[in-house]
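Undergrad: with the sequence up front, the predicted model follows.
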Amino acid sequence: MRPARASNRLSPMPSLRRNTLLALLVSAPLLAYILYPALAMLAESLHAPLADWRAGHDGFDSAHQPWAAPLRALLLENGARLAFWGTLKLSLCTVVTGGLWGLGLALLWWRREFPGRRLFALLGYAPLLMPPLVGSMAFFRLLGEGGLLNRVFHLPGGKPLFSPFESVLILHTYAFGIYTYAFVAAALENLDHAHEEAARSLGGGPWAVFRHALWPAIRAPFGAAALLTFMAAGASFSAPLLLDTGGHYLTVEIVNEKMSGDPAFVSALTVLLAALSLAALPPFLYFQRSAPAAGAGLKGSAVRALSQAGRQEAAWRVGLSLAAAALLLAPLFVSALGAFTPKEDWYTGVWPKTLGLDAFRRLDTESLDALKRSVVYGLQAAALDLAVALAVALALRRASAWAGFPSEFAVMLAIALPGSAVAVALLAAFNGPSWLTGGAALGQSALILILAYASRCLPLAVRPARAALEDLGPDMELAARGLGASPLRTLARVVLPMILPALLAAGLLCFITAAGEFVASEILYGPATTPASVKINELFRNDPPGATALGLCLMALGAAAVGLSGWLQARASWRRTPRGDKL
């Protein structure tokens with residue numbers, strides 16, 4: 001009888017029925033707090049009546065409005081049509097410019113080894129350090145009306161060097177080119193460069209080598225990054241708000257209409273924005289699944305190191321890298337400089353006459369409380385995302401495809417929905433009492449902000465957690481189970497320590513993104529729950545240096561989180577190293 005009990009205990013695969021049940025249980029809260037609010041927003045745009053003044057303006061009988069009156073009003077409102085085309089135009093242009101910028105950086109820093117390459121490659125991720133609103137303020141000071149560049153360079157007649165739309169596009173290129181850079185750099189890092197050397201040895205020129213050896217490897221990542229850029233550009237709010245006040249964009253229109261007292265039309269605008277973003281989701285998933293796996297190349301062979309650039313090639317690569325690094329660091333420098341610029345020198349001159357800490361001294365208790373709220377809300381959202389991501393990764397690891405589909409669909413929906421859509425959807429579902437909130441109304445509460453941040457950042461945690469578990473494999477778990485460890489003990493002592501670095505990196509990205517979230521905060525905050533991003537926007541109207549100082553404090557906290565995460569990852573790696581290798 002003892003061998004029989006041992007064989008049951010050592011069974012490597014749990015029953016399919018238990019895996020299926022676990023996957024469905026995990027999907028329930030995801031569907032309840034991501035899909036249900038989106039459906040509630042859609043229902044409001046179909047059934048809720050327009051405000052009386054808008055119904056009369058659009059030719060509807062306010063007492064007997066037709067079905068889907070808010071959606072029909074989109075076709076009648078000139079502002080809504082202009083906002084749709086403005087958003088579509090901006091998104092498509094950002095795909096082109098951001099794709100070219102990110103591709104150029106990846107090819108510059110991930111094809112040849114040259115002095116300083118690793119440092120330059122790290123600088124490619126500099127845009128991640130700037131929250132959206134802080135980055136927009138930096139570009140406003142550079143390219144906006146009366147900006148630094150327009151004071152030095154301007155067209156005949158005093159016209160600014162760049163139009164408002166072009167200024168937004170430049171900011172988007174800087175901020176969203178990071179997607180193409182990261183995706184293509186990962187593909188090039190795992191590329192077997194023997195293919196490139198073979199194409200070159202056969203007499204192929206630079207274009208032929210790129211077309212036949214590089215492009216097949218980076219085509220799928222490049223396409224996935226382009227579609228992700230399209231979705232991110234359409235969801236952008238702070239850049240159009242500050243740099244193109246005369247333009248029409250759906251995100252700005254949604255926030256402006258929120259003040260008009262017509263929630264049904266706001267839901268209709270948000271449905272339009274969500275539909276525009278969701279249209280890019282299927283091809284994004286196709287390109288992502290078509291991307292070659294890490295380490296693709298000759299089976300059984302290690303990925304080759306980058307070949308050393310010749311002296312002449314290294315010289316021009318270093319020169320281009322210095323120019324690119326200057327462009328990447330310029331917004332960070334302008335943001336830091338603005339925090340030490342006196343208020344009276346903000347709009348005059350290129351370089352301030354004096355530098356000081358007056359802006360930091362003007363930060364009152366209300367501003368510091370807003371900063372504290374952003375940190376607390378960001379930490380809570382990141383912790384929630386990590387817990388959900390771990391549960392999803394464990395549940396879907398051995399579940400059937402149909403059982404895992406609800407969870408995967410909810411996560412994909414969170415990727416596609418813009419921040420304004422998430423905020424309006426949560427208001428439609430939970431602004432009043434709901435059984436999903438225990439009968440409480442979440443409008444203007446801290447909980448609805450945390451829920452919005454967690455929904456926005458959930459995909460940033462789920463994908464690394466699933467990838468880390470897939471890379472781990474079942475061997476170590478089976479060994480632990482064979483030694484008599486329970487499933488819970490195996491998870492705590494074997495699985496979690498091995499995937500901890502990936503979870504820490506994911507949690508860090510979730511925290512930085514949540515703490516700097518602006519558009520969802522602008523829609524959902526209340527007087528007692530004002531986060532730092534909203535407070536920065538309020539300060540920017542009358543005290544730009546003070547707003548920049550508060551933004552710099554937010555960036556400093558993000559940098560501190562990066563340092564702490566790196567230390568924890570190094571410590572976890574050191575503890576996993578055998579004692580003989582620690583010498």
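TA: Here it is on my side, so go on.
Undergrad: surely M231 forms part of a helix?
TA: Yes: under DSSP: H, G, I helix; E, B strand; the rest coil, M231 falls within a helix.
Undergrad: with adjacent residues omitted, what lies nearest to it?
TA: In this structure, M231 finds its nearest non-sequential neighbour in S277, 4.7 Å apart by Cβ to Cβ, 6 or more residues apart in numbering. In short, each C-beta sits where N, CA and C put it, glycine included.
Undergrad: from what I see, the one you found and A416 are in contact.
TA: Yes: when contacts are counted by Cβ atoms under 8 Å, S277 is listed as touching A416 (5.0 Å).
Undergrad: show me whatever sits in contact with both of those two.
TA: Common contacts of S277 and A416 (Cβ atoms under 8 Å, 6 or more residues apart in numbering): M231.
Undergrad: pull up the distance across stretch 125-139, start to finish.
TA: End-to-end distance for stretch 125-139, by Cα to Cα, to the nearest Å: 17 Å.
Undergrad: now it: buried residues?
TA: 126-127, 129-139 (16 or more other Cβ atoms under 10 Å).
Undergrad: which SSE is the residue nearest to M231 in?
TA: helix 263-278 (DSSP states H and E).
Undergrad: counting by contacts, list what that helix packs against.
TA: Counting contacts by 3 or more Cβ pairs under 8 Å, 6 or more residues apart in numbering; DSSP states H and E, helix 263-278 packs against helix 36-47, helix 69-76, helix 78-109, helix 215-234, helix 250-258, helix 401-416, helix 419-430.
Undergrad: if you compare those helices, which one is most tucked away?
TA: helix 419-430 (a mean of 28; mean count of other Cβ atoms under 10 Å).
Undergrad: okay, now the unreliable bits of the stretch 1-150 of the chain?
TA: 1-16 (pLDDT under 70).
Undergrad: just checking, next helix/strand downstream of the helix holding S277?
TA: As the chain continues past helix 263-278, the following element, by DSSP H and E, is helix 281-290.
Undergrad: that following helix to helix 215-234, inter-axis angle?
TA: Helix 281-290 and helix 215-234 meet at an angle of 150 degrees, taking axes from the mean of the first three to the mean of the last three Cα atoms, to 10 degrees as the criterion.
Undergrad: quick check: next helix or strand after helix 281-290?
TA: Where DSSP H and E defines the elements, the next helix or strand beyond helix 281-290 is strand 307-308.
Undergrad: can you list contacts of that following strand?
TA: R112, E113, F114, H193, E197.
Undergrad: same thing with stretch 516-524?
TA: Residues contacting stretch 516-524 (Cβ under 8 Å, 6+ apart): 131-134, 235, 237-238, 251, 254-255, 258, 374, 418-420, 422-424, 426-427, 444, 448-449, 452-453, 456, 531-534, 537, 554, 558.
Undergrad: from the chain's centroid, how far away is that stretch?
TA: In terms of Cα atoms, centre = their mean, to the nearest Å, the centre of stretch 516-524 is set 14 Å apart from its chain centre.
Undergrad: contacts only, for the spatially most central residue of the chain.
TA: Among the residues of the chain, the one closest to the centroid is T513, at 6.6 Å (Cα atoms, centre = their mean). Shown in contact with T513 (Cβ under 8 Å, 6+ apart): Y453, R456, C457, L460.
Undergrad: let's see if you can find the most crowded of those residues.
TA: Y453 (31 neighbours; other Cβ atoms under 10 Å).
Undergrad: before we move on, which element is that residue in?
TA: helix 446-472.
Undergrad: let me know the secondary structure of G484.
TA: Going by three-state DSSP: G484 is coil.
Undergrad: pLDDT weak spots in the stretch 401-550 of the chain?
TA: For the stretch 401-550 of the chain, the ranges with pLDDT under 70 are 473, 475, 477, 480-481, 485.
Undergrad: tell me the confidence at P578?
TA: Note on P578: pLDDT of 51.
Undergrad: hang on, A213 packs against A198?
TA: Yes: the pair A213 and A198 passes the contact test of Cβ under 8 Å, sitting 7.4 Å apart.
Undergrad: more crowded one of the two?
TA: Higher neighbour count among A213 and A198: A213, with 20 against 14, using other Cβ under 10 Å.
Undergrad: I'd guess that one is in a strand, am I close?
TA: No: read with three-state DSSP, A213 is helix and lies in no strand.
Undergrad: check the burial of the residue lying closest to L46 once chain neighbours are set aside by counting its neighbours.
TA: Residue nearest to L46 in three dimensions, not counting chain neighbours: A68, with 4.9 Å by Cβ to Cβ, 6+ apart. Burial of A68 is recorded as 14 neighbouring residues (other Cβ under 10 Å).
Undergrad: quick check: mean pLDDT of stretch 214-223?
TA: Mean predicted lDDT for stretch 214-223 stands at 86.
Undergrad: okay, that stretch in PDB with CA atoms only?
TA: What follows is stretch 214-223, C-alpha atoms only, in PDB (Å, rounded to 0.1, in the frame of the first residue of the first chain):
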ATOM      1  CA  LEU A 214      17.500  40.900 -40.700                       C
ATOM      2  CA  TRP A 215      14.000  41.800 -41.900                       C
ATOM      3  CA  PRO A 216      12.600  38.200 -41.700                       C
ATOM      4  CA  ALA A 217      13.700  38.100 -38.000                       C
ATOM      5  CA  ILE A 218      12.300  41.500 -37.000                       C
ATOM      6  CA  ARG A 219       9.200  41.700 -39.200                       C
ATOM      7  CA  ALA A 220       6.800  40.200 -36.700                       C
ATOM      8  CA  PRO A 221       8.100  42.200 -33.600                       C
ATOM      9  CA  PHE A 222       8.100  45.300 -35.700                       C
ATOM     10  CA  GLY A 223       4.500  44.800 -36.700                       C
END
